[in-house]
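Asks: give me coordinates for this.
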Amino acid sequence: PDPPPAEGSVVMSVPLSVSLGARKQTVRVGPMEPMQRVLDKACEAFSVDPRTHQLVHKKSAVQMDLPFRFSGIDRNANLTLEPRSGSSAGGSSARRGTSSSSSR
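Replies: Numbering: from 1, shown residues only. Predicted coordinates for the structure are as follows:
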């Protein structure tokens, strides 16, 4: 077994490649760092708002509350920074027609 890290030492970080369109940035992440912080770092690097963007890995939105270690994302993975689906006009994923079922 490996000895525990010495006090004050830095935990090894992992590089993740994040792309926005044709631009690409490397974001370093620690094993217990929340994916929300990864989103914040990526958005800062691209100068976009983290409230209107999301991280996508293998065509699925990344769960922001999980730490990197439990996210299922491999080291050196390629993530995509995309606008959130409900951030512009509309919100196509909203429920539709929920009030019609109780009419008769």
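
Asks: E44 belongs to a helix?
Replies: Yes: note on E44: a helix contains this position according to DSSP: H, G, I helix; E, B strand; the rest coil.

Asks: roughly how far does it sit from K58?
Replies: E44 sits 24 Å away from K58, going by C-beta to C-beta, to the nearest Å. Yep, even glycine has a C-beta here, placed from its N, CA and C like the rest.

Asks: was I right about V27 contacting P15?
Replies: Yes: applying C-beta atoms under 8 Å, one finds V27 in contact with P15, separated by 7.4 Å.

Asks: neighbour count winner among these two?
Replies: Between V27 and P15, counting by other C-beta atoms under 10 Å, V27 is the more crowded of the two (22 against 11).

Asks: for the more buried one, list each beta-bridge partner.
Replies: Legend: beta-bridge partners of V27 under DSSP bridges are L16.

Asks: could you measure from the residue nearest to V38 when sequence neighbours are not counted over to F46?
Replies: Across the structure, with C-beta to C-beta, 6 or more residues apart in numbering as the measure, the residue nearest V38 apart from its sequence neighbours is V29 (5.2 Å). Spatial separation of V29 from F46 under the definition C-beta to C-beta is 16 Å.
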